[in-house]
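Colleague: Sharing a model prediction with you, sequence too.
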Amino acid sequence: MSSECIPATIELKIPCKAEFVSIARLTVLGISNRLKFTYDDIEDIRLAVGEACALSIDKSNHANNGVTELLITSNVYDDRLSITIEDIINDSNNPKNCIESLEDYDRDEIVISLIHSLVDEYTVEQLNDNRSMTRITKFVEKK
């Protein structure tokens, strides 16, 4: 079995508040630095994680849905870094769990486009119990 199959996993749980996003960004910066990413790649990952966390927090604030924490999980492989950001929405009956105005949609689309331009893979999926999970992956360029 190669080390490729078993990633090193680092988990960070932060309050779902904007003032804690810098902790997530700093943690991901340190993790990214362990791989052979360029300085620009590390900055791209850091920015993408910060924006993805901000989107989750913004969604929670708009929905007023009781999200209390974000779980950021970094899986370190030999050739890539895969990061997931999970939020937990406690009120599954809340009808406001959506983007409320075209202005919000336009702003979110710009941020989503930015994240797509910074990383190799970016997905967001709705999970059971009204949770969402964002996955960001950046591959190490072979020299």
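Modeller: Noted; the coordinates are in hand. Keep in mind that this is a model prediction, so the values were computed, not measured.

Colleague: quick one: the closest residue to residue 77 other than its chain neighbours from residue 40, how far?
Modeller: Nearest residue to residue 77, sequence neighbours excluded (C-beta to C-beta, 6 or more residues apart in numbering): residue 7, at 5.0 Å. To be clear about C-beta, it is placed using only N, CA and C from the backbone, and glycine gets the same treatment. For residue 7, the distance to residue 40 (C-beta to C-beta, to the nearest Å) stands at 23 Å.

Colleague: The chain: helices as residue ranges?
Modeller: Assigned by DSSP state H, the chain shows helices spanning 21-34, 39-63, 102-118.

Colleague: between those helices, which gets nearest to residue 125?
Modeller: Closest to residue 125 of the helices of the chain is helix 39-63 (C-beta to C-beta; 12.7 Å).

Colleague: helices or strands next to the closest one in the packing?
Modeller: Helix 39-63 sits against helix 21-34, strand 69-76, strand 80-87, helix 102-118, strand 132-139, with contacts defined as 3 or more C-beta pairs under 8 Å, 6 or more residues apart in numbering; DSSP states H and E.

Colleague: how about low-confidence regions in this structure?
Modeller: 1-4, 62-67, 88-107, 129-131, 143 (pLDDT under 70).

Colleague: List the contacts of the residue nearest to residue 77.
Modeller: Listed by C-beta atoms under 8 Å, 6 or more residues apart in numbering, the contact partners of residue 7 are 75, 76, 77, 82.

Colleague: could I get the residues you listed as a markdown table with neighbour count and distance to residue 36?
Modeller: Shown next, in a markdown table, are these (neighbours: other C-beta atoms under 10 Å; distance: C-beta to C-beta, whole Å):
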| residue | neighbour count | distance to residue 36 |
| --- | --- | --- |
| 75 | 18 | 16 |
| 76 | 17 | 12 |
| 77 | 17 | 12 |
| 82 | 19 | 16 |
